[in-house]
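1. the following comprises the amino acid sequence and a computationally predicted model.
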Amino acid sequence: MKRSLAIFCCFVMLFTALCPVDQHFHAHAEEVLPEESNCSHRVLCTNQSVCIDCGQEATGFVVHDDTCSEKEYISDDLCHWYVCVYCHDQEGAYVDYHYTYDCSNPTVCAECGHEGGEINVYHDNYPTEYAHNETSHWEVCSNCGVPSMNSGESMHSANCSDPTVCRVCNAQDIVVEEHNIYHADTTDYYSYNENGHWLSCEVCGYVLSDTWGHTRICGTSDPNVCVVCGGEDVEMEYIQHGDTVEANDDLQHGSKCVDCDEWLWAFLHMGSCVDRTTCYGCGATGEGVQINGFDHVNKRVTYDNEKHYSTCMDCGFSWEDEHYTYCDGSGTCNCCGAQGDTFRVLHYGPDEYSYDEQTHWMPCTMCDDYYEAPMNHRDIDEDGRCDVCDATDVDLVCEHQMEYRSVGDYHRKVCVLCDWWFSGQQHYADCENPNVCLACGAEAEIWDIRHTAGDYLINETYHTLLCIYCNELMEEWRHYDTCLEPGVCVECGATDVNIYDTHHSTNINFDIEKHYEVCTDCGETIIEGAHFTYCNKPTVCDLCGAEGVVFADNHHCGRTRYESTETEHWPICRECGEVTGEREPHRAKCNDPACCYICRGVDVTDAIVEHNWSGVTGSGSVSSGGQDHDDEYHWDVCARCGITGNKEKHTAWCDQPDVCEDCGAQNVIIDSFLHSESTEYKNDDTYHWTYCDFCDEVVTKAEHTVDCSSPEWCLVCGVGDIVQADPSLQHVFNDEWTVTDYYEHGKTCQGCDSIYWEGHKRNCDGDTCIVCGLTDVNFYDYDVVHAYDMSYDATHHQGVCVTCGNVGEEGPHYAKCTVPNVCVVCGGEDVEMEYIQHGDTVEANDDLQHGRKCVDCDEWVWAGSHVGSCVDQTTCYRCGATGEGVQFDGYTHPNCEYTYDNTTHYETCVDCGAVTWSGRHFNYCDEAPVCCTCGAENVEMTTLHYSDYEYEHDDQTHWLP
């Protein structure tokens, strides 16, 4: 580390030392040579009177003979550096710290031969070997026994076949903890009984996993063989399905197995508040589709200490509920994430009921409380069995008499005899009486409002259903027909309208190469595609079921196992045995470096060993790993083995200089600052540079780049009329203007065919070009040359041509901040300046305000008062200023978004839920019916009109059209 730091410092000091010297010898060149010379004089230290480049006598930049390969070292007890062998001047900063690679001779520097002093000793000349004690081992230098800097102490590990010999350092008669014993763990070696199977060691029989239930594959001819362990005539707990496809019918949507066509999961169709006839989960709609209510899909949640509040972003409906958490949830609300210790606690339920003679209940699986409290047995269908827990020979104490009861936003069916309840459902009402539930009669704020449809309203494109009572839009669809009745809308029966789509009844047909979805009514081919198979059914097209056809592709079923060598593994399809992927090196975790966690191979070599730098364990909890830091560095700590790595110095963004950008540590030593590089360039005659958007510091700087074809324009930043950094790329134009036409005159480059053009110029009282001498040519107004005489008063300046009287350069005075009393244009002193022109600016703040200051005069170019936020009223939300002495001009809500209802939109703070502003919906008469402020559609809004503010009138009134 010290060597790298020294070399880096050397380069920095050499660079900063050479730049001003370059400027110095240019200055000498101006004193000695004629103006046309471009030589930057250099003289040897042995002959400092003659330039080695041009041969002239001159004083220039002293250099040393770079043809000499000899170095002469000078050293002290810490470092060594070299000097010129001729003049003995030092040629650089410290080059390096003393070091040696030979720990057997630690007092002599390997590079300069210096003896004594501080010498960094590295053990690179000798291999490492292991040292050990009874429980652990570590790497040491084989020559001197010093522990290796790159290796920490590790616990012994051993194979179960020889548990007293370390598998890493080969130490014998050691103590190995049980979790460091390695077993022959393979994914194909299972032990099993009738109820389940488990992984076990082939050598010692050690149980390596929990017991899992047996699994069979759906649709197989032998349902009694476990697909995992091969056990026969065992009790199957799981069914393994193949690939799945999304599916739906009139009742539900979900995922089906492609092999057995069973539902793997499914949900009832649910509409949304903006379209209650279309399932928002799968898009199912139309005749026969059963929609099981509707939901607010796009909602935003805010909260306070007692409740969380939900607002639908589509229709504006809002509702609230108390915070709740689970018994293992550490006081975190499962809906909104709020923290607290007084929330309603929910519990986890088991798979079945517990019961005694009179009651049944469900105990919580995580704590000693109930998931479902004890309730009496019931037997409504009178079959001698409890309808809830299925128990017999118990006291069936109640034949329930049910009625609806309101519970907050819901109603339930509750037994009037024993208070047993079931069938909780949200209140619903119709639009005629929207605050009274149709089921239980409760009066409440109800969002499930149901409507009664009238007849279709029809235009050329859509058919629309409106509620006959409140006129609310219930349904709006484009017209569509069928191939049997073209031109007649299926829904509304309209004719002579724009048909958006034609529906067909289809079957799948096929030939030798393709399958086709063909309409059974009109014969039209709707979709076609090539046949394909899966390897578990290689002779049958997976889509159409055809056999004996040409297959364009054969897919694998997705079930994979691995084969391996000591150094690599590759995936194999379990179904067909084909290789399905590339060979890859083993990957192991640091606490088990000889076991690949992908293929489960043991005793692997050359594995890519991975550390857990995140500090998050497999269960999601944070372990002792993660990131740590001190005042100067931060580093990662592996959560599994505790090793440290990725050690780096703190860095920070320039606009947050007290916070490390990587680890978040505050008030530490920042090694370097990060900048947001601008996309635009600043420039002068020689250089262009990018700058930081936050602090205006130069990020990258370079000389202009040009070529001979366009020497006056930089190819990078685009600036024109630049002073060339490289004279060889600059055009050298002839003095005479030899090329002319009616509009311009030009002169040619001596080195290429380039022509420098400019427009003809004339004096204001002449008609001859003052450059090329031509007459009868075009002169633009801006190419007329005037001889202005500047005059000024206290507030303005004006230039008047002494020849023709033309007035130019007229305007108010202004000055640069560096010379604030002199006008930039006319030179007037102590006049009234309309404005001051500042240079570049940087962000700044003090206890009173924040803004941008001029880098030339340190004045505020603009500034604003500090303002807090609703979540932190003592920190300025714009610049981050905080602490004692900082003055705030109130606070605001910086993070707001719009919500709305049918008449009004609200600007609501996302952080605290406060409504900061509200207003009525509006749009303009020539725009779509969408609110111009919040974008709401299908709401009540005021229509605004345009006017040129010229009144029209009749005998009695006037108006603005």
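-> Cool, the structure landed. Numbering: from 1, shown residues only.
2. low-confidence stretches in the stretch 401-550 of the chain?
-> 417-420, 422-423 (pLDDT under 70).
3. quick one: the strands in it?
-> Under the criterion DSSP state E, counting those that start in this stretch, the stretch 401-550 of the chain carries strands at the ranges 402-407, 410-415, 421-426, 429-430, 449-450, 457-458, 462-466, 473-478, 480-482, 501-503, 506-510, 514-519, 525-534.
4. kindly report the same for the stretch 201-350 of the chain.
-> Counting by DSSP E, counting those that start in this stretch, the strands of the stretch 201-350 of the chain are 214-217, 236-240, 244-248, 252-257, 263-268, 271-272, 294-295, 299-303, 307-312, 318-322, 324-326, 344-346.
5. dump the ones you listed into a markdown table; add mean neighbour count as well.
-> All C-beta spots, glycine's among them, are computed from the backbone N, C-alpha and C. Shown next, in a markdown table, are these (neighbours: other C-beta atoms under 10 Å):
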| stretch | mean neighbour count |
| --- | --- |
| strand 214-217 | 19 |
| strand 236-240 | 15 |
| strand 244-248 | 14 |
| strand 252-257 | 18 |
| strand 263-268 | 13 |
| strand 271-272 | 20 |
| strand 294-295 | 18 |
| strand 299-303 | 17 |
| strand 307-312 | 19 |
| strand 318-322 | 16 |
| strand 324-326 | 17 |
| strand 344-346 | 13 |
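6. now the terminal residues of stretch 922-942, how far apart.
-> End-to-end distance of stretch 922-942 (C-alpha to C-alpha, to the nearest Å): 4 Å.
7. check the offset of it from the chain's centre.
-> 34 Å (C-alpha atoms, centre = their mean, to the nearest Å).
8. in that stretch, what's buried?
-> 923, 931, 933-934, 936, 939, 941 (16 or more other C-beta atoms under 10 Å).
9. with stretch 553-567 instead?
-> For stretch 553-567, by 16+ other C-beta under 10 Å, it's 556-557, 562, 564.
10. pLDDT weak spots in the stretch 151-300 of the chain?
-> Along the stretch 151-300 of the chain, the parts satisfying pLDDT under 70 run over 185-188, 220-221.
11. which residues does the helix or strand harbouring residue 137 contact?
-> Per DSSP states H and E, residue 137 falls inside strand 136-141. For strand 136-141, contacts defined as C-beta atoms under 8 Å, 6 or more residues apart in numbering pick out 103, 123, 126, 128-132, 146-148, 150-156, 166, 168-169, 171.
12. re the thing from before, could you dump the buried residues of stretch 922-942 to a markdown table with secondary structure, pLDDT and distance to residue 903?
-> Shown next, in a markdown table, are the buried residues of stretch 922-942 (DSSP: H, G, I helix; E, B strand; the rest coil; pLDDT from 0 to 100; distance: C-beta to C-beta, whole Å):
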| residue | secondary structure | pLDDT | distance to residue 903 |
| --- | --- | --- | --- |
| 923 | strand | 84 | 14 |
| 931 | coil | 86 | 10 |
| 933 | coil | 83 | 13 |
| 934 | coil | 84 | 12 |
| 936 | coil | 85 | 10 |
| 939 | coil | 86 | 7 |
| 941 | coil | 83 | 8 |
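13. dump the residues you listed to TSV, plus distance to residue 906.
-> Putting those into TSV (distance: C-beta to C-beta, whole Å) gives the following:
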residue	distance to residue 906
923	18
931	12
933	10
934	9
936	11
939	13
941	15
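14. out of those, which is nearest to residue 332?
-> Residue 332 has its nearest neighbour among those in residue 934, at 32.3 Å by C-beta to C-beta.
15. would you check that that closest one makes contact with residue 903?
-> No. Contact criterion C-beta atoms under 8 Å: residue 934 and residue 903 do not qualify, at 11.8 Å.
16. overlap in contacts of those two?
-> residue 921.
17. what is the mean pLDDT for stretch 349-356?
-> For stretch 349-356, mean pLDDT rounds to 85.
18. gap between the two ends of it?
-> 18 Å.
19. where does residue 179 land in three-state SS?
-> Counting by DSSP: H, G, I helix; E, B strand; the rest coil, the backbone at residue 179 sits in helix.
20. quick one: residues contacting it.
-> If you count contacts by C-beta under 8 Å, 6+ apart, residue 179 has none.
21. with the one 10 residues further on instead?
-> For residue 189, the residues meeting the contact criterion (C-beta under 8 Å, 6+ apart) are 199-202.
22. domain-wise, how is the protein divided?
-> According to automatic domain parsing, the chain comprises the domains 2-121, 400-450, 457-503, 789-892, 896-953.
23. list the buried residues in stretch 568-585.
-> 568-569, 571-575, 584.
24. stretch 408-416 too?
-> 409-415.
25. also stretch 428-436?
-> 428-430.
26. which intervals of the stretch 551-700 of the chain have sub-threshold pLDDT?
-> Counting by pLDDT under 70, the stretch 551-700 of the chain contains low-confidence ranges at 558, 614-626.
27. quick revisit: tell me the one among the buried residues of stretch 408-416 nearest to residue 779.
-> Within the set of those, residue 409 lies nearest residue 779; the separation is 84.3 Å, counting by C-beta to C-beta.
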